[in-house]
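Colleague: model this:
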Amino acid sequence: MKRIIPLVLFMTLFPFLWNCAKNTQNAIQGFKISVPEVTEGNSDHIVQITVVPEGTVVTAFDASYEIVEGSARFNKDIKPASGTLTFKAGQSGQTIPITIVGDTFPELTENFELRITYHNTSISRTISITDDDPLEPVLTDADGFYTSLSHPSMELVWQDEFEDTSLNLNDWSYELGNGCDKGICGWGNQELESYTDQKDNIRIEGGRLIITALKEGSGYTSARIKTEDKVEVQFGRIDIRAKLPTGQGLWPAIWMLGANISTVGWPACGEIDIMEMIGKEPDVVHGTVHYDENGHQSSGGSYSLSQEDFSERFHVFSLVWEQDRIEWYVDNEKFKTFNKANIVNYPFNAPFYFILNVAVGGVWPGNPDETTVFPQSMTVDYIRVYH
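Modeller: Residues are numbered from 1 along each chain as shown. Take a look at the predicted model:
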């Protein structure tokens, strides 16, 4: 004989039965991935990454994970890793051990990706490995300081050793005149020089680029070259070996502008001054950034020699440029760091191009006077870019 549950009783039990059925299903919206600060170290070590489900875990379930290479490479920077995580009700989460490969070589910050898959849905988290090795000591020869052509942990991606008999116009262009044709007479700084492409002002000799400022009558000539639309750089280590001029009113510069300057203008495009010097202070160089944050803003630092000036021998001016951070070095000694913190319009994560010039006069250095000796030259031995 069948027993029939009265409709009233069924309707009373239905919410309870429905909740019981529903509570046997997991409601996972994703995963919270907690990563400690990851530094490279000098030897292999394990970093524990914690993964916690976001939602309700009622019954045990599995999720797979894998490490995906980015700029961090397997067996060079990290060890390959993949597997399965089992999550149970009441657990706070699971940990994934990742082996970081340590060494003693200076490197750029490297990234890899942790990818987790659950029910055919994947989420990923990019994780950075911060290098903690100082730049290697610079080398010296009879002409001054220099750096090795190769760095064990980096790839040389562009260079100009200035070994040809003339400027490589596949990489460089001349900027000519006094800036008036661009609407910035005096190049926006009340400078006095007119730039030319003549050998008296710019030449390659003995494997070196020489930019020379001259006094000609009541005026001055010099040279300015750039890699705009030809060579653009986005992040890396940049080494430039140079010897600088000296004297009141001289203004040598090795610098970069954002490649989008033609569309957004200056300073929104960003400017990175790898090295600037004013000739009346020949023992001090400056590193600066310029940008637009509710108007023109800048941030700079300086480096001083103790018993000589930068005209006496070659020194190496380096930039270590990474996502959201820039560091300046002279002879591998760091003197300034700039990062993205609290800056909304940060332009320095985009491509930039190089500019080399020697200006004469201007708002910052002032004009030449009776003590200034001409000609004066900036000599550049090499420019090297590493990733």
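
Colleague: and the closest residue in space to K280 that isn't next to it in sequence, how many neighbours does it have?
Modeller: Closest residue to K280 apart from its sequence neighbours, by Cβ to Cβ, 6 or more residues apart in numbering: Q248 at 4.8 Å. Every residue, glycine included, has its C-beta placed from N, CA and C. Taking other Cβ atoms under 10 Å as the criterion, the count of residues near Q248 is 18.

Colleague: Which per-residue confidence value corresponds to K22?
Modeller: We have a pLDDT of 39 for K22.

Colleague: so what's the nearest residue to W328 once chain neighbours are set aside bridging to?
Modeller: The spatial neighbour of W328 that comes closest, neighbours along the chain excluded (Cβ to Cβ, 6+ apart), is G287 at 3.5 Å. With DSSP bridges as the criterion, G287 is bridged to G301.

Colleague: got it, and W321?
Modeller: G236, I326.

Colleague: isn't it right up against G236?
Modeller: Yes - in this structure, W321 is within contact of G236 by Cβ atoms under 8 Å, at 6.1 Å.

Colleague: So for those two, which sits in the more crowded spot?
Modeller: It is W321, of W321 and G236, that has more neighbours when counted by other Cβ under 10 Å, with 24 against 19.

Colleague: did I read that right, Y291 in a strand?
Modeller: Yes - counting by DSSP: H, G, I helix; E, B strand; the rest coil, Y291 is part of a strand.

Colleague: contacting residues around it?
Modeller: By Cβ atoms under 8 Å, 6 or more residues apart in numbering, the contact set of Y291 is P267, A268, G270, E271, Q297, S298, I343, N345, Y346, P347, F348.

Colleague: hmm, try it at 7 Å
Modeller: Y291 sits next to P267, G270, Q297, N345, P347 when contact means Cβ atoms under 7 Å, 6 or more residues apart in numbering.

Colleague: what do you get for T288?
Modeller: By Cβ under 7 Å, 6+ apart, T288 lies in contact with D273, E276, S298, S299, G300.

Colleague: give me the number of residues near the nearest residue to it once chain neighbours are set aside?
Modeller: In space, and not counting its chain neighbours, T288 is closest to G300: 3.5 Å by Cβ to Cβ, 6+ apart. For G300, the count of nearby residues is 14 (other Cβ under 10 Å).

Colleague: correct me, but G300 touches H290?
Modeller: No - look at G300 against H290 with Cβ atoms under 7 Å: they stay out of range, at 9.0 Å.

Colleague: so what sits against both of the two?
Modeller: Counting by Cβ under 7 Å, 6+ apart, nothing touches both G300 and H290.

Colleague: so where do the helices sit in this protein?
Modeller: In the chain, the helices defined using DSSP state H lie at 7-22, 261-264.

Colleague: which residues are in contact with the shortest one?
Modeller: So that's helix 261-264. Residues from elsewhere that reach helix 261-264 (Cβ under 7 Å, 6+ apart): C269.

Colleague: mind checking pLDDT for the residue lying closest to A259 once chain neighbours are set aside?
Modeller: In this structure, A259 finds its nearest non-sequential neighbour in P351, 4.4 Å apart by Cβ to Cβ, 6+ apart. Turning to P351, the model gives it a pLDDT of 98.

Colleague: how many other residues sit next to P351?
Modeller: As a burial measure, P351 scores 13 neighbours (other Cβ under 10 Å).

Colleague: Kindly report the same for I100.
Modeller: By other Cβ under 10 Å, 20 other residues sit near I100.

Colleague: For it, give the beta-bridge partners.
Modeller: H45, I78.

Colleague: looking at it, it is touching H45, isn't it?
Modeller: Yes - with contact defined as Cβ under 7 Å, I100 and H45 form a contacting pair (5.7 Å).

Colleague: bridging residues for the closest residue to D143 other than its chain neighbours?
Modeller: Distance criterion Cβ to Cβ, 6+ apart; nearest residue to D143, sequence neighbours excluded, is F314 at 5.1 Å. Taking DSSP bridges as the rule, F314 bridges to G144.

Colleague: What is the neighbour count of F314?
Modeller: Counted with other Cβ under 10 Å, the neighbours of F314 add up to 22.

Colleague: Contacts only, for the closest residue to E333 other than its chain neighbours.
Modeller: Using Cβ to Cβ, 6+ apart and skipping the chain neighbours, the partner closest in space to E333 is Y303 (7.2 Å). By Cβ under 7 Å, 6+ apart, the contact set of Y303 is V285, V330, F335.

Colleague: again, only using 10 Å
Modeller: 275, 283-287, 310, 315, 317, 328-331, 333-336 (Cβ atoms under 10 Å, 6 or more residues apart in numbering).

Colleague: still on that earlier bit, any idea how far the residue nearest to T288 lies from V289?
Modeller: Distance of G300 to V289, computed by Cβ to Cβ, to the nearest Å: 8 Å.

Colleague: what is in contact with the two at once?
Modeller: Residues touching both G300 and V289 (Cβ under 10 Å, 6+ apart): D273, W328, K336, F338.

Colleague: want to throw the residues you listed into a markdown table with distance to D229?
Modeller: A markdown table is the format used below for the shared contacts of G300 and V289 (distance: Cβ to Cβ, whole Å):
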| residue | distance to D229 |
| --- | --- |
| D273 | 21 |
| W328 | 26 |
| K336 | 29 |
| F338 | 26 |
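
Colleague: What separation do you get for T104 and D181?
Modeller: In this view, T104 and D181 are 52 Å apart by Cβ to Cβ.
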